[in-house]
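Enquirer: Quick one, what's the 3D model for this:
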Amino acid sequence: MRTNRIRVAGLAAVTAALALSVTACGGSDSAKDSGAKEKTSAAAYTAKSSADVGTRSATDTAVPAADQITKASAATRQCRGNELSYDVLHRFPKQLGEHLLITARNTGSKACWVTSYPSVMLGDTSNVLPHSKKDAPGGSDRITVRPGGKVYSAVALFADSAKTHTSSELSLALRDQTGDTGPASELKAHNSKGAPSKFTWSDADVLNWNTEKPYDF
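Expert: A predicted model of the protein is given here:
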């Protein structure tokens, strides 16, 4: 940029110019200080965001630093069945609170999202389990699962009638935001020691995907 040099006559004009110069230097230092604070704040946010693994999309629910998470989620597509690995843990067999804890882990190299609750059929039955009426709201949320991240669902088991079923197997498929399902994965339940575990039910229902383990007691 070219600078026009203006010849200033008189001591008063020179003094005014010097005053303006001092003020400008002070303003530059303030701008540097402000910029340093902004860089520090941005670095702190980046470090915190990197530690997050499963995050609800800000397009559907309020979360800290909503703008940044919204931008990341907008470019993220739905998870495909072959990008997730599943684990089904049979908890509290034949006890109050018996359920199947479903853990889905993103084994891919890119973040993806899940929504609603999984489509689950138990054993050799052909009935898709209903969504639990006791579940917390938020089934329309999209939950972003980063590589290596995990999300959870659960099947609550009830054996309160004479007509029951017993199995160690189930099938699971992901739903999209319209309720349609993709290809199913055939899974087996295991106990806390890793051995196959049979479960019995007369009725059952499913919880929405969540970043926290359900029935964690």
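
Enquirer: Spatially nearest residue to D205 (excluding sequence neighbours)?
Expert: The shortest distance from D205 to any non-neighbouring residue, by CB to CB, 6 or more residues apart in numbering, is to S132 (4.1 Å). Placement of C-beta: from N, CA and C, glycine included.

Enquirer: quick one: the helices in this structure?
Expert: 11-51, 66-74 (DSSP state H).

Enquirer: Which stretches in this protein count as strands?
Expert: 54-56, 77-78, 84-91, 99-106, 112-115, 119-122, 142-145, 150-158, 165-167, 169-173, 185-188, 199-201, 203-206 (DSSP state E).

Enquirer: The last one packs against which elements?
Expert: Put plainly, it is strand 203-206. Here strand 203-206 touches strand 150-158, going by 3 or more CB pairs under 8 Å, 6 or more residues apart in numbering; DSSP states H and E.

Enquirer: The strand it packs on: which residues count as buried?
Expert: 150-157 (16 or more other CB atoms under 10 Å).

Enquirer: could you dump those to CSV with pLDDT?
Expert: Listed next are the buried residues of strand 150-158 as CSV, based on pLDDT from 0 to 100:
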residue, pLDDT
K150, 97
V151, 97
Y152, 97
S153, 97
A154, 98
V155, 98
A156, 97
L157, 97
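
Enquirer: any chance of the strands of the chain in TSV, plus distance to Y215?
Expert: Formatted as TSV, these follow (distance: least, CB to CB, whole Å):
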stretch	distance to Y215
strand 54-56	18
strand 77-78	26
strand 84-91	7
strand 99-106	5
strand 112-115	19
strand 119-122	15
strand 142-145	18
strand 150-158	6
strand 165-167	20
strand 169-173	17
strand 185-188	18
strand 199-201	14
strand 203-206	12
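
Enquirer: quick one: R91 and L101 touch, right?
Expert: Yes: with contacts counted by CB atoms under 8 Å, R91 reaches L101, the gap being 5.6 Å.

Enquirer: Could you tell me which residues touch both of those two?
Expert: Common contacts of R91 and L101 (CB atoms under 8 Å, 6 or more residues apart in numbering): Y215.

Enquirer: give me phi/psi at the residue nearest to D205?
Expert: Backbone torsions for S132, taken as degrees, to the nearest 10, come to phi -70, psi 130.

Enquirer: neighbours of it, just the number please.
Expert: 17 (other CB atoms under 10 Å).

Enquirer: repeat for T178
Expert: Neighbour count of T178, defined by other CB under 10 Å: 7.

Enquirer: And for T166?
Expert: T166: 11 surrounding residues under other CB under 10 Å.

Enquirer: Having no further points to raise, I will conclude here.
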